[in-house]
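In: Provide a 3D model corresponding to the input given below.
(chains A, B, C and D)
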2 protein chains.
Amino acid sequence: MPRADELSEAGRPVHARPRRLTASDRMATFHSRLRERGLKSTAPRDDIARVFFGLGRHISAEELFAEVKKVNQHVGYATIYRTLKLLKECDLVFERHFDEGQARYEVAGEHHHDHFICERCGKILEFENNDIERMQQAIASKLGVILTHHKMELYGLCADCRTAQ
Amino acid sequence: MPRADELSEAGRPVHARPRRLTASDRMATFHSRLRERGLKSTAPRDDIARVFFGLGRHISAEELFAEVKKVNQHVGYATIYRTLKLLKECDLVFERHFDEGQARYEVAGEHHHDHFICERCGKILEFENNDIERMQQAIASKLGVILTHHKMELYGLCADCRTAQ
DNA sequence: CTAGTTGCAAATGTTTTGCACAAAC
DNA sequence: GTTTGTGCAAAACATTTGCAACTAG
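Out: Now for the predicted structure:
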């Protein structure tokens, strides 16, 4: 079984790469994108965005709501959704729909990546693979279509759950 | 690094291949799978399955409900969902969740394939590509995980919508 | 006969919306 | 002082479930 630092290209874990943008960088971007659009910076929006950027990846609205409550008692569920929508429009957040009922939200990073989801423990691994990206473009030209985005998700058992089972 | 025109099978449309199984073949399979499990064949189940196998691909529950109503006035929505669930368990139907609110259902064929979805007109194209399948396995072993299934969806503009726009 | 099935209506879970009040610019 | 944003409750939406009546085996 390969160690993380041996992985060359296929499935190189994304979190191994140093992160560029800090939470405050993202907050600043959020503020300027709001201003550009004539929208307002408010306490609830800031609280939600700050908590979101501070948390890890792949958060559900429910989880975010619970975390934001710890910081600001009286934010409503609706504002969570409205702010997530705003963050998506500002290209600061991606919305993902894995094989669950609820959406998960992810801080937009610089690099595109895809996901593996463990069906037993719910763990999500990120990886990137340029060959697959290239092949998708090849498929698109054969089909005569233009791609705007894509979704590639692998489902199965992670290393831990494979042995535990 | 493979160029697009070197790819043997990139994006070969699936519907070009002759189809093996007829609707009645599938009905027969449905009946025997039900019998195996000690479940009953009933008029509502048969109507739903027959209409579904007769219709094209990628049907929503809502669309199926409307079509079944034409044949059998008094089937309920619940029975549509219950029968679709049953058909999934019998490996006769796949459930897909594209970027929409509702699920779409697809007759299970012999060959695995992936999808392109046009974001403008909703058209769905199917394609298969063994290179990508192999690459997914490579990624899985690098990550140390076991795959049970995967999802690969390309989104964009189809040939028609590309020119129309 | 009896276990499995149905239709209906009500419940579910997630996300969205209407609205009166409140806060930014 | 407008315009935009908020919280709440209610609505929307796709899907599931409880239940009494029904039906296939």
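
In: Name the residue closest to the centre of chain A, please.
Out: The residue lying closest to the centre of chain A (CA atoms, centre = their mean) is A:E106, at 2.0 Å.

In: Assign a three-state SS to that one, would you?
Out: strand (DSSP: H, G, I helix; E, B strand; the rest coil).

In: Please work out how many residues are found near A:G109.
Out: 16 (other CB atoms under 10 Å in any protein chain shown). Where you see a C-beta, it was placed from the backbone N, CA and C, and this is true even at glycine.

In: now swap in A:A28 and tell me
Out: Neighbours around A:A28, by other CB under 10 Å: 12.

In: Report the secondary structure element holding it.
Out: Using DSSP states H and E, A:A28 sits within helix A:23-36.

In: in that helix, what's buried?
Out: A:26-27, A:29-30, A:33-34 (16 or more other CB atoms under 10 Å in any protein chain shown).

In: cool, and stretch A:34-48?
Out: Buried residues in stretch A:34-48 (16+ other CB under 10 Å): A:34, A:44-45, A:47-48.

In: Tell me which residues are up against that stretch.
Out: Contacts to stretch A:34-48, defined as CB atoms under 8 Å, 6 or more residues apart in numbering or on different chains, come from residues A:27, A:30-31, A:64, A:68, A:71-72, A:75, A:79-80, A:83-84, A:86, A:90.

In: any idea how far A:L157 is from A:I146?
Out: Between A:L157 and A:I146 the computed distance is 36 Å (CB to CB, to the nearest Å).

In: Among the buried residues of helix A:23-36, which one lies nearest to chain B?
Out: A:R33 (23.5 Å; CB to the nearest CB).

In: Let me know whether that closest one touches A:C90 as I believe.
Out: Yes. Using CB atoms under 8 Å, A:R33 is in contact with A:C90, at 4.1 Å.

In: As a check, name the ranges of all strands in chain A.
Out: With DSSP state E, the ranges of strands along chain A come out as A:12-13, A:59-60, A:93-96, A:104-107, A:114-118, A:124-128, A:146-157.

In: can you list contacts of the third one?
Out: Yep, that's strand A:93-96 we're talking about. Here strand A:93-96 has contacts from A:52, A:58, A:84, A:87-88, A:103-108, A:115, using CB under 8 Å, 6+ apart.

In: and that strand, does that touch DNA strand C?
Out: No. Remark: strand A:93-96 sits outside contact range of DNA strand C, by CB under 7 Å from any atom of the strand, the gap being at least 8.0 Å.

In: State the mean pLDDT of that strand.
Out: Averaged across strand A:93-96, the pLDDT comes to 96.
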